[in-house]
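Trainee: Could you work out the structure for the sequence below:
(one chain, ligands or ions: 3)
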Amino acid sequence: MSAKKAVIEVHKFGGASLTDAAAFRRAVQIVKGRAAPRAVVVSAPAGVTDVLLNLAVRAAAGDGDSCAPEVESLRARYAEILRGAVARGGVKEVATEIDRSMGELSRLLSSLAVLKELTARTRDFIVSRGERLSARILAAALAAGGVRARYVDATEVIFTDGPFGGASPNLILTDMAARKTLRPLCLSGIVPVIPGFIGAAKIDEHEDEHDHGAGDAHHRAPPPARSHAGDERRARGVTTLGRGGSDLTATLIARALSAREVSLWKDVPGLLTADPRVVPDARVIPQLHLREAAELAYFGAKVLHPRALIPVAGRPIPVFVRPFADPSAAGTEISARRTLDRYPVKALSAVGGQALLTVAGNGMLGVPGIAARTFEALHRQGISVSLISQSSSEQSICFSVPAGAARRARDRLTDEFRDEIARGEVDGIDVRSGLATVAVVGIGMAGHLGIAARVFAALAEAGINIVAIAQGSSELNISFVVAAKDAPAAQRAVHGAFQLSKIGGGAAARAAYTDAVLLGFGQIGRALAGIMSKAGGKRRGGRAADRPSLRLVAAIDRRGFVFDPNGLSPRTVAALVASKKAGRSLADGPGGQLATPTDALSFLAEHALSDPMLVDVTADETTPLIRQALGGGMDVVLANKRPLSGPRQESEALATLAARAGRRMLTEATVGAGLPIFDTYRKLAESGDRVIKIEGCLSGTLGFVLTEVEHGRPFSEALRRAMDLGYTEPDPRDDLSGTDVGRKALILGRLLGFTGEPGDVVVESLVPAAVRTLPRDAFLARLGGLDADWSRRGAAAKAKGGTLRYVASVTKDRISVGLKVVDRSSPFFGLKGTDNQVAFTTARYRKNPLVITGPGAGPAVTAAGVLNDMLRVGG
Ligand code: ADP
Ligand code: ASP
Ligand code: MG
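Mentor: Ligands and ions are numbered 1, 2, ... in the order given. As a prediction, this is how the structure comes out:
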């Protein structure tokens, strides 16, 4: 191949893949493995951009002090990648650059803390170091690996028209500069390594300090001729292309170099029929038309930057999405070919955080220009509209905008139509938020009848309510709007209806993580959070490597929640535990946000979590939340008894919903803390045995008090001791009343087929009627008055050779819980302290019941029981 004619390949390594030094070494191997001249684009290592953005925001909020440790750990992370990725040579220069960049970052954060203002320009400058350092390291690693490589800064080759925060590339300037700088390098066998995601800001933007949000529209004069390079520009004149922008950098460079192809190396096996975190049976699409891929990217498929395909449209440059983990796999080809005609629908995607605005009124009929004025007004505000539908009666126009812009849009339109509203022609502007748009995409839709009908039949079948519908005239896309919490189920339903799990490119890799969301941050919740954050998403020792590992990503309490898509760190968890113990809500702890649990769950549903699971460790009425979670595609682990011990219809409906949604709901920790009670029941049933009766001592608290009384301690003292040890509810009458044991017994009864209601459970309260309604303190003051009665009961039991136990007795027909005198022949006789015990009488174990005993109270054992269920779901 002659050097002049050689065709260049562009390779981009995505942040999701670049996790550590080993990943950088792998990238070196991939580049080495290609014979053609190459240009390489690099993202920041996984999570770095998020960290930088977060630091910037916190510093500007005045919280500059807390940033130092994170800057240091970022520095350490880069230094470690450098050490591990570059065997020899070139280390010192890059190490110095890392220190310089992180020093500069500290200074920038300090000044932000003083200024208390964060402009889009400063934010861009701060995050730009993520990719810059990454590219310098890869260039050094390539050189050390024997590949001639050179770092080329993005501001030399990628030019933009602004605005900061989400700049549009200037194709003409970029074509010229990239060709001029990069082509000679490539053709002389040197691999240029360019940081992705960033470019040179528009020259006149240097003076412009306003904070533009991404996507704002701007009318500006064309860029003036510019002088080249210079440190000043590099330092101050850098902008970003919007999140995920390194895809765009790669296609821009490919276009400028008339490359043969672009490879986007990612952490997925290719472009998939749906986001694998939402639709677990998503498949790789072997080939996709450019317009289909663009449509998907535009409608939120977080695998490609929405504008990444514009530079190569109309050019013979195929874009490949390739699996970083498996360089020899085919991945997905995005090009102008049309294949896979059997699949009129090829993929789905969803955008959360949408609001729907409706302009409605009787007087709109036949009034020209309402639609035009609506969209013109929004355009002037720089608000982008993604889905529009107008009813043919012309009574209303409805369209979706990002939730963050909804208010501004409403205010602007209310103003625009002031006169019409005054005259009653327009009713007003209605806003509905908490929505998501789902796009169903396929170029073959045009030639097929009944696609829309199939989409909507599938949604109806899944019981999903559609808020709005739109089909573009291109017939490439049917979009519909649903409540954000319904979006995952909607995608699964449509994916199934079009049999997309049969497309030929192979399965998506098994998710690496199971993301857990804790509902409740009391004693059990905190114990669990501690254990999980320390496990740190590491693969569990001894298990097959392809098993996903558990990761705690969020915790919710009554007032708010915390969320970190990469997992809450041990430090964060420790701080939250301390703050919660001091009586503050999660909302007021580090990173906390105020929200009702319902809103918190909706928020999380919009963040594609990986195989998500909700873990309910509250003692509240959470049934609606559990329904929301199951409907939103989460598995559920319950320690909370209430959802299963309320009205029969409700608990049955939960089980039905779980089955319909294909989700699991595990309940082991609702009865007997960590003891394997459901597990034993299941095993007995599976082996063909029939459980006739379950009896048990199911309250660690009552067990403790009664064994103390048995040993001659006065009842009042025993109870006080139980309170001091933290065994009781805040008001010990909640334990003594037997309600809690009654709930557990009902759950077990339902397992055996008990069809009654909570009121049908016979519960004996140990609180005498006379003191039931006293205030807590008055009750406690009168505790001593109960002693005589208790010691009499104890003595009577002893006289009969027995002892007192609080026993639940459960069959399919009758459930009762209450005080019993048990003798030596009973397994419960020898029970000690807070231990629980459950005895199964079955067809096989009729004479001699099968007995399970073990610690039955306390946060640590309960947390262990919950964790067991979590591992089962995650496995
Ligand atoms: P990069 O490392 O290049 O920045 P991204 O993280 O931006 O890669 O994109 C890859 C991620 O996109 C995957 O991890 C996957 O979870 C998500 N994703 C969403 N929709 C799709 C889809 N249809 N096909 C493949 N991946 C998808
Ligand atoms: N690092 C940037 C981001 O996380 C750009 C990219 O990875 O494409 O958005
Ligand atoms: Mg990306």
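
Trainee: How about the residues of this structure by ligand 1?
Mentor: Contact residues, the chain versus ligand 1 (C-beta under 6 Å from any ligand atom): 14-17, 43, 244, 264, 266-268, 271-272, 274-277, 301-303, 347. (C-beta placed from N, C-alpha, C; glycine too.)

Trainee: got the contact list for residue 337?
Mentor: Neighbouring residues of residue 337 by C-beta atoms under 8 Å, 6 or more residues apart in numbering: 287, 289.

Trainee: go on, residue 18?
Mentor: Neighbouring residues of residue 18 by C-beta under 8 Å, 6+ apart: 24, 27, 42, 43, 44, 45, 46, 134.

Trainee: Centre-most residue in the protein?
Mentor: Central residue of the chain (C-alpha atoms, centre = their mean): residue 609, 3.0 Å from the mean position.

Trainee: measure that residue to residue 435 for me?
Mentor: Taking C-beta to C-beta, to the nearest Å as the measure, residue 609 falls 19 Å from residue 435.

Trainee: now residue 309
Mentor: From residue 309 across to residue 435, the span is 26 Å (C-beta to C-beta).

Trainee: residue contacts, residue 244?
Mentor: By C-beta under 8 Å, 6+ apart, the contact list for residue 244 reads 197, 302, 304, 305, 308.

Trainee: And the pLDDT at it?
Mentor: pLDDT recorded at residue 244 is 94.

Trainee: The helix or strand where residue 779 lies: what's the following helix or strand?
Mentor: Following DSSP states H and E, one finds residue 779 within helix 776-781. Downstream of helix 776-781, the first helix or strand assigned by DSSP H and E is helix 787-799.

Trainee: Which strands or helices does that following helix pack on?
Mentor: Secondary-structure packing of helix 787-799 (3 or more C-beta pairs under 8 Å, 6 or more residues apart in numbering; DSSP states H and E): helix 700-710, helix 715-724, strand 802-810, strand 815-823.

Trainee: Strands along the stretch 201-350 of the chain, start to end?
Mentor: Counting by DSSP state E, counting those that start in this stretch, the segments of the stretch 201-350 of the chain that form strands are 238-240, 261-266, 287-289, 319-323, 332-335, 347-360.

Trainee: looking at those strands, which is buried most?
Mentor: The highest average neighbour count among the strands of the stretch 201-350 of the chain, using mean count of other C-beta atoms under 10 Å, belongs to strand 238-240 at a mean of 29.

Trainee: Does that one reach ligand 2?
Mentor: No: Strand 238-240 stays clear of ligand 2 (C-beta under 6 Å from any ligand atom), getting no nearer than 7.7 Å.

Trainee: helices or strands next to that strand in the packing?
Mentor: Using 3+ C-beta pairs under 8 Å, 6+ apart, strand 238-240 sits against helix 120-144, strand 198-200.

Trainee: same thing but at 10 Å, please
Mentor: Counting contacts by 3 or more C-beta pairs under 10 Å, 6 or more residues apart in numbering; DSSP states H and E, strand 238-240 is packed against helix 120-144, helix 154-157, strand 198-200.

Trainee: Give the next helix or strand downstream of the longest one.
Mentor: As assigned by DSSP H and E, the chain's next helix or strand after helix 120-144 is strand 149-151.

Trainee: Then the second one?
Mentor: Downstream of helix 154-157, the first helix or strand assigned by DSSP H and E is helix 171-187.

Trainee: Quickly check: the next helix or strand after that following helix near ligand 2 or not.
Mentor: Under the assignment DSSP H and E, the closest C-terminal helix or strand after helix 171-187 is strand 191-195. No: against ligand 2, strand 191-195 shows no contacts by C-beta under 6 Å from any ligand atom, the least distance being 9.3 Å.

Trainee: partners of strand 191-195, with directions?
Mentor: Strand 191-195 has the following strand partners under DSSP bridges: strand 38-42 (parallel), strand 149-151 (parallel).

Trainee: Using CSV, write out every CA atom in it.
Mentor: This file holds the C-alpha atoms of strand 191-195, laid out as CSV (Å, rounded to 0.1, in the frame of the first residue of the first chain):
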residue,chain,number,x,y,z
VAL,A,191,-0.6,7.7,15.3
PRO,A,192,-2.1,11.0,16.4
VAL,A,193,-3.9,10.6,19.8
ILE,A,194,-6.6,13.2,20.2
PRO,A,195,-8.7,13.9,23.4
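
Trainee: So what angle separates the directions of that strand and helix 120-144?
Mentor: Counting by axes from the mean of the first three to the mean of the last three C-alpha atoms, to 10 degrees, strand 191-195 lies at 150 degrees to helix 120-144.

Trainee: Strand 191-195 - what's its average pLDDT?
Mentor: 98.

Trainee: do stretch 62-74 as well
Mentor: Taken as a whole, stretch 62-74 has a mean pLDDT of 88.

Trainee: Ligand 2 contacts on this structure?
Mentor: Within reach of ligand 2 by C-beta under 6 Å from any ligand atom, the chain has these residues: 14, 15, 43, 44, 49, 130, 196, 197, 243, 244, 245, 246.

Trainee: Just put those residues in a markdown table and tack on distance to residue 699.
Mentor: Formatted as a markdown table, the residues of the chain next to ligand 2 follow (distance: C-beta to C-beta, whole Å):
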| residue | distance to residue 699 |
| --- | --- |
| 14 | 54 |
| 15 | 51 |
| 43 | 55 |
| 44 | 54 |
| 49 | 51 |
| 130 | 54 |
| 196 | 60 |
| 197 | 58 |
| 243 | 52 |
| 244 | 54 |
| 245 | 58 |
| 246 | 58 |
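
Trainee: and these, which of them are in helices?
Mentor: Among the residues of the chain next to ligand 2, the subset assigned to helices under DSSP state H consists of 49, 130, 246.

Trainee: Spit out the contact partners of residue 614.
Mentor: Shown in contact with residue 614 (C-beta atoms under 10 Å, 6 or more residues apart in numbering): 516-519, 554, 556, 601, 604, 622, 625-626, 628-630, 632, 634-638, 663, 665.

Trainee: Try it again at 8 Å.
Mentor: Contacts of residue 614 by C-beta under 8 Å, 6+ apart are 516, 517, 519, 601, 625, 626, 629, 634, 635, 636, 637.

Trainee: Most neighbours of all those, which one?
Mentor: The most crowded member of the contacts of residue 614, judged by other C-beta atoms under 10 Å, is residue 637 (32 neighbours).

Trainee: Understood, closing this out.
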